[in-house]
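Visitor: Fold the following and give me the result.
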Amino acid sequence: MTRSRTLTYLLAPIAAAALLAGCAQSAIEREAAAAEKAEPKRDNWEAFRDSFLEAYFQHDPAFAVYQGRHDFDGQMPDWSEAGLKGFADFLNESIGKAQAFRAGSLSKDEAFERDYLVAVARGKLFWLTDADQPHNNPAYYVGGGLDPNVFIARNYADAPTRMKALIAFYKRVPTAAAQIRANLRMPMPLSFIDYGKSGFQGLADYYVGDAKAAFASVKDPALQAEFDASAGAASKAMKDLADWLESNRGTATQNFALGAERFSRMVSATEMVDTPLAQLEAIGVADLKRNQAALNTACASYAPGKSIPDCMLKMNEDKPVDGPVAEARRQIPVLRAFVVAKDLASIPGTEEALVEESPPYNRQNSAYIDPPGPYEKGIPSVYYISPPDPAWSKEVQEAFIPGKKDLLFTSVHEVMPGHFLQFLHANRSPSIFGRVYVGYAFAEGWAHYAEEMMWEAGLNDGDLETHIGQLSNALLRNCRYLSAIRLHSGRMTQAESEAMFKNECYQDEGNARQQAARGTYDPAYLNYTLGKLMIRKLRADWTATHGGRAGWKAFHDQFLSYGGPPIPLVRQQMMGGAAKAAF
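Guide: Residues are numbered from 1 along each chain as shown. This next block holds a predicted model:
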């Protein structure tokens with residue numbers, strides 16, 4: 001899973017206000033009709049596009065900073081009611097203005113960017129207005145502007161300069177915390193309380209802990225004193241938020257579901273997928289069964305006579321003796337060499353991916369990567385791996401640590417040829433939109449697709465333990481897909497989701513617990529499998545007339561060149577016709 005470039009991008013915010021009144025397709029038709037009546041714009045597309053970007057950055061300066069726009073350093077979004085409404089109004093107005101550019105007056109590339117812009121705005125609007133995340137989901141804030149890691153992990157300037165930027169950031173945190181408390185409504189689902197408490201408390205500790213240690217080399221007593229004062233106030237504001245959430249635990253509910261209709265609007269507004277929900281579920285069930293059948297076959301040879309859970313346990317018993325961070329550092333060069341040897345994709349540039357343990361405030365997922373933004377120069381990506389929760393029993397903690405082959409496909413997913421390679425291409429996309437806005441299904445779909453593609457290409461020469469590691473990761477995403485649909489259509493409880501992760505996808509207890517909880521506050525985590533299946537179908541259709549297996553590298557390079565739009569838009573560019581989902 002990527003962090004700032006992906007989840008903060010389109011994840012937590014999004015459905016045009018028009019979607020509130022009816023189905024997504026009718027909203028699109030209404031918007032198009034309104035555009036037909038609008039006076040044609042005389043401004044050129046490039047000027048409008050660039051003005052949209054600048055205005056978007058003004059509304060979401062934290063997003064701008066993570067793209068590498070350090071002229072926004074220290075700023076934070078305005079999460080007041082007026083600020084949220086202003087952002088929604090801007091997005092709605094931008095959709096209308098973009099659609100006033102007729103296709104006939106734009107080049108093919110400009111028409112693609114126009115559709116990309118509209119998709120970004122609709123996606124952001126869904127989370128902002130239809131899902132109303134600012135008022136009901138702490139994830140909107142934990143992943144949307146409170147994280148100061150960019151000032152610490154990216155050496156884009158000298159330490160005193162970054163320290164001053166962080167001080168300016170800290171000084172805005174108490175106001176942001178007050179806005180968050182005013183916005184979030186109680187009662188709240190229990191899993192949201194848990195997530196928010198963990199996130200806000202983790203940030204409180206990080207502000208005065210690891211963040212402080214990162215600037216210990218700055219020998220300026222006045223600056224250090226200013227840092228301590230601002231960090232202390234920011235930390236207290238986060239701790240107070242965590243305590244406030246905890247004080248509401250007694251009234252917590254299980255009312256996390258978006259509802260089937262709104263869930264369908266989410267998939268349409270954020271990913272341009274209009275497939276009926278029942279059909280989407282059937283597609284997910286079929287892929288789950290496909291991977292379960294492959295696992296049964298592999299386990300019959302790898303662990304004859306053993307149950308599937310015991311087979312998975314055997315695979316995961318082969319743990320790295322010096323821990324997953326050290327093992328991942330060894331895996332990355334091997335994976336890179338394999339991609340080159342098998343001619344699977346171009347690897348542009350000379351950037352590196354580092355591997356570190358994830359900070360305490362961001363351990364709700366087992367691993368993620370933080371790639372530099374397109375405006376950064378010479379900054380490495382950091383692949384973070386989370387340790388087990390110390391509150392868990394020793395047995396659960398041990399089970400959470402992945403086996404070598406399970407971790408291998410996490411490294412494929414996060415680094416090579418997954419997210420790291422994807423962002424090497426995205427940061428070089430011909431479209432500025434491709435460089436800045438990378439969507440959830442594109443990013444996570446590509447990274448998950450890369451896992452199965454590497455196995456198909458011969459990684460470790462058919463080794464059964466390797467195949468079981470790949471299938472373990474595939475099944476994890478299958479259960480995310482089905483949990484998202486069933487949790488948010490009101491047909492599955494969080495406890496039932498946890499049981500499915502353990503019994504149908506053979507995940508350990510810690511992961512199952514973590515993933516079931518995540519599904520409640522991240523309904524879009526079906527996008528791993530959703531995106532993978534759309535990419536596999538597109539590859540089959542495109543390579544049918546472009547050399548079959550020999551066309552994989554050309555397919556991968558062209559697919560990645562678009563940056564990160566909804567995959568139906570990529571399909572339209574590569575295959576022609578309407579921008580429709582295909583599985």
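Visitor: Pretty sure Leu464 sits against Thr297.
Guide: No - taking contacts as Cβ atoms under 8 Å, Leu464 lies outside contact range of Thr297: 9.6 Å. C-beta coordinates here come from the backbone N, C-alpha and C atoms, glycine included.
Visitor: of those two, who's got more company?
Guide: Leu464 (18 against 13; other Cβ atoms under 10 Å).
Visitor: From Phe57, how far off is that one?
Guide: According to Cβ to Cβ, to the nearest Å, Leu464 and Phe57 sit 49 Å apart.
Visitor: which residues does Asp370 form a beta bridge with?
Guide: In this entry, Asp370 is beta-bridged to Val382, by DSSP bridges.
Visitor: how near is it to His419?
Guide: Separation of Asp370 from His419 (Cβ to Cβ): 10 Å.
Visitor: Between the two, tell me which one has more neighbours.
Guide: His419 (31 against 25).
Visitor: For the more buried one, grab phi and psi.
Guide: With angles defined as degrees, to the nearest 10, His419 sits at phi -60, psi -40.
Visitor: Make sure it is actually in contact with Ile369.
Guide: Yes - with contact defined as Cβ under 8 Å, His419 and Ile369 form a contacting pair (4.8 Å).
Visitor: Poorly predicted segments of this structure, please.
Guide: Across the chain, the ranges flagged by pLDDT under 70 are 1-43, 361-362, 364-365.
Visitor: try 80 this time
Guide: Residues of the chain meeting the criterion pLDDT under 80: 1-43, 103, 359-366.
Visitor: Now do the domain split for it, please.
Guide: Per the record, the chain has its domains at 7-251, 265-351+397-575, by automatic domain parsing.
Visitor: For the nearest residue to Pro320 once chain neighbours are set aside, give me its contacts.
Guide: In this structure, Pro320 finds its nearest non-sequential neighbour in Glu327, 3.5 Å apart by Cβ to Cβ, 6 or more residues apart in numbering. Neighbouring residues of Glu327 by Cβ atoms under 8 Å, 6 or more residues apart in numbering: Pro320, Lys404, Leu407.
Visitor: a markdown table for the residues you listed, including secondary structure?
Guide: Below are the contacts of Glu327 laid out as a markdown table (DSSP: H, G, I helix; E, B strand; the rest coil):
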| residue | secondary structure |
| --- | --- |
| Pro320 | coil |
| Lys404 | helix |
| Leu407 | helix |
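Visitor: Please identify which helix or strand holds Asp205.
Guide: Using DSSP states H and E, Asp205 falls within helix 190-208.
Visitor: Alpha carbons only: can I get the very next helix or strand once past that helix in PDB?
Guide: Sequence order places helix 210-214 as the next helix or strand after helix 190-208, per DSSP H and E. Provided in PDB are the C-alpha atoms of helix 210-214 (Å, rounded to 0.1, in the frame of the first residue of the first chain):
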ATOM      1  CA  ASP A 210      11.200  10.500  16.700                       C
ATOM      2  CA  ALA A 211      10.600  13.900  15.100                       C
ATOM      3  CA  LYS A 212      12.600  15.600  17.800                       C
ATOM      4  CA  ALA A 213      15.400  13.000  17.500                       C
ATOM      5  CA  ALA A 214      15.600  13.500  13.800                       C
END
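Visitor: so what's Pro174 up against?
Guide: Contacts of Pro174 by Cβ under 8 Å, 6+ apart are Ala233, Ala234, Lys236, Ala237.
Visitor: I'd like to know how far the nearest residue to the first one once chain neighbours are set aside sits from Pro568.
Guide: By the measure of Cβ to Cβ, 6+ apart, the closest residue to Ala233 outside its immediate chain neighbours is Pro174, 5.7 Å from it. Taking Cβ to Cβ as the criterion, Pro174 is separated from Pro568 by 43 Å.
Visitor: What of Thr251?
Guide: As judged by Cβ to Cβ, Thr251 and Pro568 stand 41 Å apart.
Visitor: Give me the more crowded residue out of these two.
Guide: Pro568 (22 against 11).
Visitor: Residues contacting stretch 209-223, please?
Guide: 148, 152, 159-160, 162-164, 166-167, 224, 227-228, 231, 359-360.
Visitor: Please identify the helix or strand for Glu351.
Guide: Applying DSSP H and E, one finds Glu351 in no helix or strand.
Visitor: That one reaches Pro380, doesn't it?
Guide: Yes - counting by Cβ under 8 Å, Pro380 is a contact partner of Glu351 at 6.3 Å.
Visitor: Can you check which residues contact both of the two?
Guide: Residues touching both Glu351 and Pro380 (Cβ under 8 Å, 6+ apart): Pro372.
Visitor: what about the helices in the stretch 201-350 of the chain?
Guide: Per DSSP state H, counting those that start in this stretch, the stretch 201-350 of the chain carries helices over the ranges 210-214, 221-247, 260-271, 277-302, 308-317, 324-341.
Visitor: Pull the distance from the shortest one to the chain's centre.
Guide: It stands for helix 210-214. 26 Å (Cα atoms, centre = their mean, to the nearest Å).
Visitor: nearest spatial neighbour of Asn460, skipping sequence neighbours?
Guide: Thr466 (4.0 Å).
Visitor: Near the one you found, how many other residues are there?
Guide: 21.
Visitor: What's the separation between it and Asp322?
Guide: According to Cβ to Cβ, Thr466 and Asp322 sit 20 Å apart.
Visitor: again with Ala345
Guide: Taken as Cβ to Cβ, the span from Ala345 to Asp322 is 30 Å.
Visitor: if you count what's nearby, which of those two comes out ahead?
Guide: Ala345 (24 against 10).
Visitor: Can you list phi and psi of that one for me?
Guide: phi -170, psi 160.
Visitor: mind listing what the closest residue to it other than its chain neighbours touches?
Guide: Closest residue to Ala345 apart from its sequence neighbours, by Cβ to Cβ, 6+ apart: His556 at 4.2 Å. Each residue near His556 by Cβ under 8 Å, 6+ apart is listed here: Leu344, Ala345, Pro417.
Visitor: Quick check: which element contains Glu356?
Guide: strand 353-357.
Visitor: And that strand, how far out from the chain middle?
Guide: Worked out by Cα atoms, centre = their mean, strand 353-357 lies 18 Å from the chain centre.
Visitor: what helices or strands is that strand leaning on?
Guide: helix 324-341, strand 381-385 (3 or more Cβ pairs under 8 Å, 6 or more residues apart in numbering; DSSP states H and E).
Visitor: Pull the very next helix or strand once past the shortest one out as CSV, backbone CA atoms only.
Guide: If you walk from strand 381-385 toward the C-terminus, the next helix or strand you reach (DSSP H and E) is helix 394-400. In CSV, the C-alpha atoms belonging to helix 394-400 read as follows (Å, rounded to 0.1, in the frame of the first residue of the first chain):
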residue,chain,number,x,y,z
LYS,A,394,3.6,-13.4,22.0
GLU,A,395,2.0,-16.1,19.9
VAL,A,396,0.0,-13.6,17.8
GLN,A,397,3.1,-11.3,17.4
GLU,A,398,5.2,-14.2,16.2
ALA,A,399,2.5,-15.2,13.6
PHE,A,400,2.3,-11.6,12.4
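Visitor: number of nearby residues for the closest residue to Asn291 other than its chain neighbours?
Guide: Setting aside the residues directly before and after it, Asn291 is nearest to Ala474 in space (Cβ to Cβ, 6+ apart), at 4.7 Å. For Ala474, the neighbour count with other Cβ under 10 Å is 25.
Visitor: So Ala474 belongs to a helix, correct?
Guide: Yes - assigned with three-state DSSP, Ala474 falls within a helix.
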